[in-house]
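Trainee: no sequence on this one, just coordinates:
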């Protein structure tokens, strides 16, 4: 008998693809690849048997372009794939496990590969180790949610007590509710799109501009550099506003955003407005707050806008102050995301007549963009997940990207600080895609070279 698992309005607004996490294990941690594969397969089967919803599929609903999860009680195992590659584990280690670019596309999965399964696993056996790709549909989880989901899966692999399994039984429609329309309009100003849009007519794409050759890039900033950069931001900022502090991640993001926009300046209109969209976890911002490991989507974008002309002028005239002010602007935007904003955001999604048009607009022509989306995995505790047996914890975990306007802070080793909060330790690794001409300019940027180093680049 087919059952339905209802998704929230925030789930409806999520990108309809997979979140792919790649877990790297050296051969010395498991010995026999046959036994390791069987270990991961058994955990998947036990998980699917206990909670058939993770063996289900994301399917369309007739109204508003929404989706739902359908599953059957006898669905006992999510898709499980095993393949081999000639790549070397030691070479990956030397490049700080920079798993980006076309040669790694086959290590992750697309939703079409698995018929939009809620969850899927792919294991790639390589020379000297293996890579486990844990894929979860973004309509089912966000970054924090997949961190919790992988923790449950690892517990089933290790046959440990599974304390978090109640998270799969949360009624998402009951906990994710919007505000009154009047309050939503007061908060957001207007409806996003005209309500009379005709879903039968899709926009015609504009002719493509000359092709810009794309490269995958991974850049690193050391732990000492993060501390120094944060101190300089606090010292030189003139526009702190309502923010009393900035994080090291705020500061590093500000520098990388500013340098990237300067590298792209020659290829975009001089009167452009640069946009930074920082994904913010809102579980604890809602009132009442959601469980910290709530699986569903619960994030919003903290928006930062800056004139390209002003940015370029201030970088040349007063570098330290503009970078510091930009870091505090990022922090203020994050603090602005609260219960009121989120409830209005949920309401706006609910009145959207066909949410599919969010992704079906005229695509941007190839070339540099003045918009960047930032998502951080720095504090999602996936590096500490223990899969049990002799396999234990991964040596590294990486998110595989595919969008030029996306900047990803890769998962880090984290510790609990003296105040009880999770903090990342060690260097931060950022992954993105960038145009060849822009990368050449970035390499010559004195600000970029002071704080960051490129650890890997390859053509897409």
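Mentor: The structure has been received and is ready for your questions. Predicted model, so just to flag it, every value in this text is computed and none were measured. Numbering: from 1, shown residues only.
Trainee: quick one, what contacts the spatially most central residue of the chain?
Mentor: Of all residues in the chain, the one closest to the mean position by C-alpha atoms, centre = their mean is residue 375, 4.4 Å from it. Residue 375 sits next to 143, 279, 406-409 when contact means C-beta atoms under 8 Å, 6 or more residues apart in numbering. Any C-beta I mention is one placed from the backbone N, CA and C, and that applies to glycine too.
Trainee: now residue 284
Mentor: Residue 284 neighbours (C-beta under 8 Å, 6+ apart): 290, 292.
Trainee: all strands for the stretch 101-250 of the chain, in order.
Mentor: Using DSSP state E, counting those that start in this stretch, the strands found in the stretch 101-250 of the chain span residues 119-127, 129-137, 214-221.
Trainee: Residue 73: which of the ones you listed is closest?
Mentor: Of all the strands of the stretch 101-250 of the chain, it is strand 119-127 that lies closest to residue 73, at 16.6 Å by C-beta to C-beta.
Trainee: Pairing partners for that closest one, with directions?
Mentor: Sheet pairing of strand 119-127 (DSSP bridges) gives strand 80-88 (parallel), strand 129-137 (antiparallel).
Trainee: most neighbours per residue, which of the ones you listed?
Mentor: Of those, the one with the most neighbours on average (mean count of other C-beta atoms under 10 Å) is strand 129-137, at a mean of 25.
Trainee: Helix or strand next in line after the helix or strand bottoming out on mean pLDDT in the chain, which one?
Mentor: Here the helix or strand of the chain ranked lowest by mean pLDDT, DSSP states H and E is strand 422-425, holding a mean of 70. Counting by DSSP states H and E, the next helix or strand C-terminal to strand 422-425 is strand 428-435.
Trainee: State the phi and psi torsions of the residue nearest to the centre of the chain.
Mentor: phi -130, psi 130 (degrees, to the nearest 10).
Trainee: what do you get for the one 3 residues further on?
Mentor: Dihedral angles phi and psi of residue 378 (degrees, to the nearest 10) take the values phi -60, psi -30.
Trainee: right, and it touches residue 425 too?
Mentor: No: taking contacts as C-beta atoms under 8 Å, residue 378 lies outside contact range of residue 425: 10.0 Å.
Trainee: Need the overlap of contacts for those two.
Mentor: Common neighbours of residue 378 and residue 425 (criterion: C-beta under 8 Å, 6+ apart): 412, 414.
Trainee: any weak-confidence spans in the stretch 51-200 of the chain?
Mentor: The stretch 51-200 of the chain contains residues with pLDDT under 70 at 161-165, 187-200.
Trainee: Then the stretch 351-460 of the chain?
Mentor: 359-366, 402-405, 416-423.
Trainee: 90 - rerun?
Mentor: Applying pLDDT under 90 to the stretch 351-460 of the chain flags the ranges 351-368, 378-379, 381, 389-390, 400-406, 412-426, 433, 456-460.
Trainee: quick one: the helices in the protein?
Mentor: For the chain, the helices defined by DSSP state H cover 9-12, 33-50, 89-94, 143-158, 172-175, 181-188, 223-236, 248-264, 308-317, 319-336, 339-351, 436-443, 446-451.
Trainee: Out of the ones you listed, flag the one nearest residue 18.
Mentor: Nearest to residue 18 among the helices of the chain is helix 143-158; the distance by C-beta to C-beta comes to 9.6 Å.
Trainee: same for that closest one, what does it pack against?
Mentor: Counting contacts by 3 or more C-beta pairs under 8 Å, 6 or more residues apart in numbering; DSSP states H and E, helix 143-158 packs against strand 18-26, helix 33-50, strand 129-137, strand 273-281.
Trainee: need those in CSV with distance to residue 325, can you?
Mentor: What follows is the helices and strands packed on helix 143-158, written out as CSV (distance: least, C-beta to C-beta, whole Å):
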stretch, distance to residue 325
strand 18-26, 33
helix 33-50, 47
strand 129-137, 38
strand 273-281, 13
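Trainee: Pick the most deeply packed of those.
Mentor: Per stretch, and counting mean count of other C-beta under 10 Å, the top mean among the helices and strands packed on helix 143-158 goes to strand 129-137, which has a mean of 25.
Trainee: hang on, the earlier thing: more crowded one of residue 378 and residue 425?
Mentor: Taking other C-beta atoms under 10 Å, residue 378 and residue 425 do not tie; residue 378 has more neighbours (19 against 10).
Trainee: Let me see the contact set for the more buried one.
Mentor: Residue 378 neighbours (C-beta under 8 Å, 6+ apart): 249, 409-412, 414, 424, 428.
Trainee: Ok, residue 287 next?
Mentor: Here residue 287 is in contact with residue 339 (C-beta under 8 Å, 6+ apart).
Trainee: redo that, cut-off 10 Å
Mentor: Residues near residue 287 by C-beta atoms under 10 Å, 6 or more residues apart in numbering: 338-340, 342-343.
Trainee: re earlier: of the contacts of residue 375, which is the most crowded?
Mentor: Top of the contacts of residue 375 by neighbour count (other C-beta under 10 Å): residue 407, with 26 neighbours.
Trainee: surely that residue meets residue 431?
Mentor: Yes: contact between residue 407 and residue 431 holds when scored by C-beta atoms under 10 Å: they sit 7.6 Å apart.
Trainee: which residues are common contacts for the two?
Mentor: Contact criterion C-beta under 10 Å, 6+ apart; residues shared by residue 407 and residue 431: 217, 219, 401.
Trainee: Tell me the one of the residues you listed nearest residue 21?
Mentor: residue 401 (11.9 Å).
Trainee: what about residue 31, distance to residue 390?
Mentor: Using C-beta to C-beta, to the nearest Å, residue 31 is found at 7 Å from residue 390.
Trainee: Could you do residue 334 as well?
Mentor: Relative to residue 390, and taking C-beta to C-beta, residue 334 is found at 41 Å.
Trainee: Between the two, which is the more surrounded one?
Mentor: Legend: neighbour count by other C-beta under 10 Å for residue 334 and residue 390, higher for residue 334 (19 against 13).
Trainee: correct me, but that one touches residue 277?
Mentor: No: using C-beta under 10 Å, residue 334 is not in contact with residue 277, being 11.4 Å away.
Trainee: Name the residues contacting each of the two.
Mentor: 300, 302, 304.
Trainee: ok now do the first one, which residues does it touch?
Mentor: So the one you mean is residue 300. Applying C-beta under 10 Å, 6+ apart, the residues near residue 300 are 10, 13, 277-282, 285, 334, 336-338, 341-342, 345-346.
Trainee: switch the cut-off to 6 Å
Mentor: Contacts here follow C-beta atoms under 6 Å, 6 or more residues apart in numbering; on that basis residue 300 touches 280, 282, 337, 342, 345.
Trainee: and those residues, which two are the farthest apart?
Mentor: Across those, the longest distance by C-beta to C-beta is 11.1 Å; it joins 280 and 345.
Trainee: Quickly list what residue 72 is bridged to.
Mentor: residue 2.
Trainee: For it, the count of nearby residues, please.
Mentor: With other C-beta under 10 Å as criterion, residue 72 counts 12.
Trainee: Please enumerate the strands of the stretch 351-460 of the chain.
Mentor: 371-376, 396-399, 406-409, 413-416, 422-425, 428-435, 453-459.
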